[in-house]
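J.: predicted structure and sequence below. I'll ask about it afterward.
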Amino acid sequence: MAVRRKLTPLPFTCVKPSDRFRTPRIETNRAATLPAECAMCEATGRIAAIELQTNDCYSM
């Protein structure tokens, strides 16, 4: 019979991927994809819409 071990969750801040598979992909996402997504949100007016909604919530 196989030994069963209880898994203990870790805070996500303790996890540091350092392998050759995930680390380059995470870096590409941070360096290229996220800025492109932010630029697209600004260009299409999504950031301004969120700011308007936030201002409306605080003015009540």
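T.: It's in. What you see is a predicted model, and the numbers here were worked out from it, not measured in a lab.

J.: could you look up the SS state of residue 18?
T.: At residue 18 the chain is in coil, as set by DSSP: H, G, I helix; E, B strand; the rest coil.

J.: run a quick neighbour tally on it.
T.: 6 (other Cβ atoms under 10 Å). C-beta here means a position set from N, CA and C on the backbone, and glycine is covered the same way.

J.: any idea where the helices of the chain begin and end?
T.: Under the criterion DSSP state H, the chain contains helices at 22-28, 34-43, 46-58.

J.: same list (the ones you listed) but as a markdown table, adding mean neighbour count.
T.: Below are the helices of the chain laid out as a markdown table (neighbours: other Cβ atoms under 10 Å):
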| stretch | mean neighbour count |
| --- | --- |
| helix 22-28 | 11 |
| helix 34-43 | 11 |
| helix 46-58 | 10 |
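
J.: can I get those helices in a markdown table including mean pLDDT and distance to residue 12?
T.: Output for these, formatted as a markdown table (pLDDT from 0 to 100; distance: least, Cβ to Cβ, whole Å):
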| stretch | mean pLDDT | distance to residue 12 |
| --- | --- | --- |
| helix 22-28 | 91 | 13 |
| helix 34-43 | 92 | 17 |
| helix 46-58 | 78 | 25 |
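
J.: so can I have a markdown table of those helices showing distance to residue 14?
T.: Below are the helices of the chain laid out as a markdown table (distance: least, Cβ to Cβ, whole Å):
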| stretch | distance to residue 14 |
| --- | --- |
| helix 22-28 | 16 |
| helix 34-43 | 22 |
| helix 46-58 | 31 |
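
J.: right, I'll call it a day here.
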